[in-house]
Structure formats: structure tokens, C-alpha cells
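Engineer: Structure of the sequence below:
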Amino acid sequence: MNKKLSEHDFPAELKTMNEKELDLLTYQIRDFLIEKIAQSGGHLASNLGVVELSIALHRVFDSPKDKLIWDVGHQSYVHKILTGRARDFDTLRAANGLSGFTRREESIHDMHDSGHASTSISIGMGYAASRDLNGEDFDVVCVIGDGAMTGGVAFEAMNHAGCVRSKMIVILNDNEMSIEKSNGGLSKHLARLRTKKSYLDVKNQVKNVLEQIPGVGKGLLAGLEHIKDSVRYAVIQGAIFEGLGFKYLGPVDGHNIPDLLEVLSVAKMIEGPVLIHVVTQKGRGYRNAEINPSKFHGIAAFNPQTGETIVSGRTSYSSVFGNKLLQLGETNEDIVAVSAAMVEATGLSRFDAAYPKRLFDVGIAEQHAVTFAAGLALNGLRPFVAIYSTFLQRAYDEILEDVCLENLPVVFMIDRAGIVGNDGETHHGLFDLSYLCHMPNMTVMAPKNGRELEDMMEYALTLNGPCAIRYPRGAVPAENPDFVPVPFVPQCEVLREGQDLTIAAVGKMALIALKAAEELAEKGIHCEVLNVRMVSPIDWRSIAQSLKKTGGRLVTVEDNVLAGGFGESLLALLSQQQENPVKDSLLIAWPDTFIKHGDSNQLMEEYGMDRAGIVSKVGDFFERKA
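Structural biologist: Numbers count the residues shown, from 1 in each chain. Model prediction:
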């Protein structure tokens, strides 16, 4: 195959390629993915695992007429290549470049804006039901991983699909993984399906189905006789899906294109919902990713020969949390940890190794994780629930109703809070202050560095109610070697004294604001910088005291959206005091919009959230009010 991937007329050209050409194409795509993701970073292992499946889908179905829906969307890179976007892969996950997920504005072949797990079947049901109402004619195919299938919304959608009976195909991409190794009853069930030998041949089941379809003759049935024995239909083993109203086909080898073409063609002819169980290998074709698929699920730029990433050598906030929890767990046997399919990613691997019975990985099921933690707390344990900010928002009601309402001592460790960079809109953690701080009984804290994160975890154990600690993605800032630690208190910390205005900054923004204040001092503007460690309840008295010294000029800085964030909450709280100390205010936060993907530092600069942006905004504010 002499053509570059960008020179093919995909997806149309797939329809005319022979078996050998399709096989060669799989090697070309894998080499391309390794080369490009090594430069940009991204989701490698999951995409290497769906190369043959993606080719087969675009061979059998006609996108965009037929709707191919990718759950989460992180495994859609091959789909992007096969829909004419190979030429743009150098821009993958960069500002104004290709998204790491499906985006409707990017291509007519992307059916929805993806990023969170377990939603594809619901989206597909919507397409199928609206198609039936409108009298349209197209197929709907949802590709969902076995990890994402653990999410409750996936089963809610399947329950609905089995009731409505609209024609649609769900492909269960079973690679025994979500981001990490899959756990739970469904995972064990699928493992039995993969290894069980007493299956009925799928062609017998297909014959029974096709014989009931008007216009299907013996000639077509004869044409199905060569379906490979590897494609099976399990009456008992597939009962969990059959019971929901789906025809179950599988397991089928997800790396055998002829078998995939056969089963997809058969499924296309079946009326009503069909589930195809496809078994794939995450990281297929790249030895490093095959050995360690979790590492290469979402990876930074790396050396393709060695598989090693370029690391800063600095400790991440996730590691600080994990190490501290291990330390706390050594002396407090009531401490348990809860993860939603992200044990390693959230820093819990060492705790899991030391105390496997005290680590609960519930799968991609954040709602269950929170309410499960509530049950643990009700019976006297001290659960630490480690979930990314963007995913925790899926459990809003459970936090409010099952934890806060009963004032239970559950500690939420909110990783990836604030801007996260290349994963974009669906992954930025810009809303957690807004959706947590108004909850009664909830304590919310944000550390400026790793030492404060440890202090806050110890403080959380002294509370008799729910607590959330939010911290950013990436490395903790280096500390001054001459710094002498002092006992932690939950009040604001004065980082710099000044008399012209007060800057109250939250979390990682405190040190950025401090650097901005140093530059502003050179311009003759002397700011008092407060590290707001306690975001809820707000230590408003310390802030009010500072404002009396600085003429009532207040600036707030937070790595959160403006609406409902710290700044607005503080102003509302101070306005209720008998004598409001605020004369003028400037709230620096992210705008109330969805922030695109791109390098975090570039996004901070673009939106004026970096040191230079704060200097400019505060300087203008002071000059106007002086």
C-alpha cells in the first residue's frame, strides 16, 4: 500500500478494498497512531484495540447516513482517520486542532460531543426513536467498552431499548479494561462468555431469525454457512442481555476482519435491538501498550522505541494524596478508599497494594460510588472517595441527598480540579466549587501546594461531616527549602501584606496571585495576598479584616467558573454583614462557557488567568478605582 492515509478517499474507498488491502491497512493505521500520539500524547492503547472493528464498521455501514456512536469517544481516533482527518493529526488535542473525542463541529461523521462514559446507548436510542417517528431509514450503531458498560446509565438505556424495540446495534467492545483492569460482576460474566465452550453456533440462531423475515430465501441462508465457529450465540450465557430484550451475538474475535464483517452484516438484517460481544486486546500491535495498557490509555508524549514518557521528576498531587492516605491508613483502620475505575490514575495503587480489602473499585459508576461511601460511613468507617472533578459532577444528587443530608463523614478527594488542558470541554474541572459550596454541611478546601493537601486530609478526619478537597492536575509546586512548617489552621493565610487592595486566591491560584503581587509592587501597587484555604464555609472575617486595611478594594482569583464560584459567594456573604467592607471588587475566574481543549498554560494565558493576566487585570482595576 503506497498511499499515505491522508491520500485515501475514506470512508468510500473501504468499500472496494480486498481482504489483503484491509489487512495491510491495519498495520499502516497502527504505525500512524504510534507515531502521532508519541508526539502529541493522547489515548493510544484503546485506539490500537479497535483498528479492525473501526474498519469493519465503516465497510458495512454508510457514515454519516448511518449513525456510528462512540462511547466516551476516546477510542475514535481510527474513526477520525477513516473519515478524512488523517491530514490533521499533527494538531490532535492542541488548541484549535482535532479533539481527542468526537465533536459534531469537527466532522459530519461525529454524531455527538462525547467525553463521559456510558452514554452512547442513550444517544443511540434517541437517534433510533426519532428515526422511527420521522419515517427515516438508517442504522444506529453504538460502540461501548466493557468498562463503560458498568455505568448504570448504560443499563437504563438498554432496559428502555428492550421495551421500545427500535432497531439498533450495540457493540460491546470487551478488552477486560476501562481505564484500568475492569472489576465487578459484569466483568466476571464477560470473562465466562469469553472462555465458555458450550455455545450454540451463531449461524443456527441467525437462520431462525432470518427465516422469519419476509423475502429472505434459501440462497441468502446458504450464503451464511461459512460464518466462522469463533462467532457464537449463548442462550444461557447471554441471558443478561437477552433478558433486556437484545439479541446476543458473540463472542467474536475483534481482530478478525472477515468475522467482523460477517456478524455486522447479519446484525444489520435483524429487526429490534442487537448486542454484539466483540473481544479485543487493548494496546494491540504495540508491545509496550500490550504489556501496560493502563499506562498507555491516556499518555503524554513518549519515546515510541522505549515507551517512556518525558517526565518532570516532580511529584504529582495525585501521588501526594495516595502516599498520605497510605500513611493515615497505617494508624487508622477505619480509613477505606473508593475509586470509580481509576485506582492508579488517582494515586491509590499503593493503598490498594497494602490494604486490598479496604480499597473498593466500583467501576465507572460515580453515583454508586458516592452512595456506597455513604453506607460505609453509616456503619462507622471513614471513606475517602477519589474521583476527577468532571466525573464527580455526575453524582451531584447523591452527594447532596445521601451524604450531605445525613451529614456523613465522607471525604471527597477531587482530582483534576480546574483547567486540565488537552482533553477539553468534557474534562475541565471548572464547576466543582459552584456545585459543592452551596450544599449544607459540606466543607470545601483547596490546597496551594502538596504540604497543604496533606494537612487538609488530616483536618478532614477531625470533622464529623462531609468534606471535599479539590486539587489540580500535575505536579505540586516546589517549596522554599528555608520554609518552616507551622500547624495547619482552616483560616485564610496571609502570603503577602499590602495596603492598596486585597487579593483572595483559592488553591493553586494563590501562588500565581503571589507572583502577580510581586510584579504589581514594582509598579507601585501593594497587594495583600490571602491564601483562601477554606472555600466553604468561607473565612469571611479574615477577608473583611484585610479589606479594612486596603480600603475595601477586593480581588478574588479562582480556578473555577465565575457563576456560583468563590468570588460570587464571598460577595454575597459580605453583603449580608452589618457593615459591608467591600467598596469595589474584581472577580477573576473562568468565563461561563465551555473552554476548548489545548495546552493548560496556553489556555491560562489566553483567558488572562496566568500571572501576566492577573497583573494586567488588577492593574487596570486599581487605576480605575484609585
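
Engineer: just for the chain, where's the confidence low?
Structural biologist: When the per-residue scores of the chain are filtered using pLDDT under 70, the ranges that remain are 1, 177-239, 311-313, 482-483, 626.

Engineer: Pull out the buried residues from the helix ranked longest in it.
Structural biologist: Secondary structure assigned by DSSP state H gives helix 19-40 as the longest helix of the chain. Applying a neighbour-count criterion of 16 or more other CB atoms under 10 Å, the buried positions in helix 19-40 are 22, 25-26, 28-30, 32-34, 36-38, 40. Just so you know, the C-beta spots here come from the backbone N, C-alpha and C atoms, and that holds for glycine as well.

Engineer: Also stretch 314-323?
Structural biologist: Within stretch 314-323, the residues that count as buried by 16+ other CB under 10 Å are 316-323.

Engineer: how far does that stretch sit from the chain's center?
Structural biologist: Using CA atoms, centre = their mean, to the nearest Å, the mean C-alpha position of stretch 314-323 is found 19 Å from that of the whole chain.

Engineer: contacting residues around it?
Structural biologist: In this structure, residues lying in contact with stretch 314-323 by CB atoms under 8 Å, 6 or more residues apart in numbering are 345-351, 386, 413, 415, 450, 453-454, 457, 471-476, 478.

Engineer: same thing but 10 Å
Structural biologist: Applying CB atoms under 10 Å, 6 or more residues apart in numbering, the external contacts of stretch 314-323 come out as 337, 342-352, 384, 386, 388, 413, 415-417, 447, 449-454, 456-457, 469-478, 508.

Engineer: Restricted to helices, list the residues you listed.
Structural biologist: Secondary-structure check on these using DSSP H: residues within helices are 349-352, 450-454, 456-457.

Engineer: From the residues you listed, list the buried ones, please.
Structural biologist: If you count burial by 16+ other CB under 10 Å, the buried members of these come out as 349-352, 450, 452-454, 456-457.

Engineer: State the phi and psi torsions of the nearest residue in space to residue 398 that is not next to it in sequence.
Structural biologist: Once flanking residues are discounted, residue 398 sits nearest to residue 370: 4.0 Å by CB to CB, 6 or more residues apart in numbering. Comment: the main-chain dihedrals of residue 370 come out as phi -70, psi -50, following degrees, to the nearest 10.

Engineer: same deal with residue 141?
Structural biologist: Dihedral angles of residue 141 (phi, psi; degrees, to the nearest 10) stand at phi -130, psi 120.

Engineer: partners of the lengthiest strand in the chain, with directions?
Structural biologist: Of all the segments assigned as strand in the chain under DSSP state E, the longest by residue count is strand 553-561. Strand 553-561 has its sheet partners listed here by DSSP bridges as strand 501-506 (parallel), strand 584-590 (parallel).

Engineer: so residue 429 touches residue 436, yeah?
Structural biologist: No - assessed by CB atoms under 10 Å, residue 429 is found out of contact with residue 436, at 11.3 Å.

Engineer: Mutual contacts of these two, please.
Structural biologist: Going by CB under 10 Å, 6+ apart, residues that sit against residue 429 and also against residue 436 are 389, 392-393, 414, 470.

Engineer: coming back round to it: now find how far off-centre the longest helix of the chain is within its chain.
Structural biologist: Averaged C-alpha coordinates place helix 19-40 at 25 Å from its chain's average position (CA atoms, centre = their mean).

Engineer: Show me what the helix or strand following it is packed up against.
Structural biologist: Scanning forward in sequence from helix 19-40, with DSSP states H and E defining helices and strands, the next element found is helix 45-48. Helices and strands touching helix 45-48, as assessed by 3 or more CB pairs under 10 Å, 6 or more residues apart in numbering; DSSP states H and E, comprise helix 19-40, helix 77-80, helix 287-291.

Engineer: And the buried residues of stretch 314-323, which is closest to residue 68?
Structural biologist: Proximity to residue 68 was ranked across the buried residues of stretch 314-323 by CB to CB; first place goes to residue 318, at 33.9 Å.

Engineer: Show me where the stretch 201-350 of the chain has its helices.
Structural biologist: For the stretch 201-350 of the chain, the helices identified by DSSP state H, counting those that start in this stretch occupy 202-210, 218-222, 239-242, 257-269, 287-291, 317-331, 349-354, in order along the chain.

Engineer: Columns distance to residue 548 on top of these, output as JSON lines?
Structural biologist: Written out in JSON lines, the entries for the helices of the stretch 201-350 of the chain read as follows (distance: least, CB to CB, whole Å):
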{"stretch": "helix 202-210", "distance to residue 548": "78"}
{"stretch": "helix 218-222", "distance to residue 548": "86"}
{"stretch": "helix 239-242", "distance to residue 548": "65"}
{"stretch": "helix 257-269", "distance to residue 548": "71"}
{"stretch": "helix 287-291", "distance to residue 548": "59"}
{"stretch": "helix 317-331", "distance to residue 548": "34"}
{"stretch": "helix 349-354", "distance to residue 548": "45"}
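
Engineer: List just the one of those helices that sits closest to residue 561.
Structural biologist: The closest of the helices of the stretch 201-350 of the chain to residue 561 is helix 317-331. By CB to CB, the value is 20.7 Å.

Engineer: Please tell me how far the closest one is from the chain's geometric centre.
Structural biologist: Centre-to-centre, helix 317-331 and its host chain are 23 Å apart (CA atoms, centre = their mean).

Engineer: what do you get for stretch 431-443?
Structural biologist: In terms of CA atoms, centre = their mean, the centre of stretch 431-443 is found 21 Å from the chain centre.

Engineer: ok, and for that stretch, which residues are buried?
Structural biologist: Applying a neighbour-count criterion of 16+ other CB under 10 Å, the buried positions in stretch 431-443 are 431-434, 436-437, 439, 441-443.

Engineer: same question, stretch 529-546
Structural biologist: Counting neighbours by 16+ other CB under 10 Å, one finds that the buried residues in stretch 529-546 are 529-536, 538-540, 542-544, 546.

Engineer: now, the most widely separated pair of the residues you listed?
Structural biologist: Using CB to CB, the pair of the buried residues of stretch 529-546 lying farthest apart is 529 and 536, separated by 20.5 Å.

Engineer: Any of the contacts of stretch 314-323 buried? List them.
Structural biologist: Buried by 16+ other CB under 10 Å: 337, 342-352, 384, 386, 388, 413, 415-417, 447, 449-450, 452-454, 456-457, 469-476, 508, out of these.

Engineer: how about the helices in the stretch 401-550 of the chain?
Structural biologist: 432-436, 450-460, 509-522, 540-549.

Engineer: The longest one to strand 501-506, inter-axis angle?
Structural biologist: Between the axis of helix 509-522 and that of strand 501-506 there is an angle of 160 degrees, by axes from the mean of the first three to the mean of the last three CA atoms, to 10 degrees.

Engineer: Check which helices and strands helix 509-522 sits against.
Structural biologist: Looks like helix 509-522 contacts strand 493-496, strand 501-506, strand 527-532, strand 553-561, strand 584-590, helix 611-625 (3+ CB pairs under 10 Å, 6+ apart).

Engineer: just those: most buried one?
Structural biologist: Compared across these, strand 501-506 shows the largest average neighbour count, a mean of 30 (mean count of other CB atoms under 10 Å).

Engineer: Distance from the chain centre to that one, please.
Structural biologist: Counting by CA atoms, centre = their mean, strand 501-506 comes out at 31 Å from the chain centroid.

Engineer: Wait, residue 77 touches residue 36, no?
Structural biologist: Yes - in terms of CB under 10 Å, residue 77 counts as a neighbour of residue 36; the distance is 8.5 Å.
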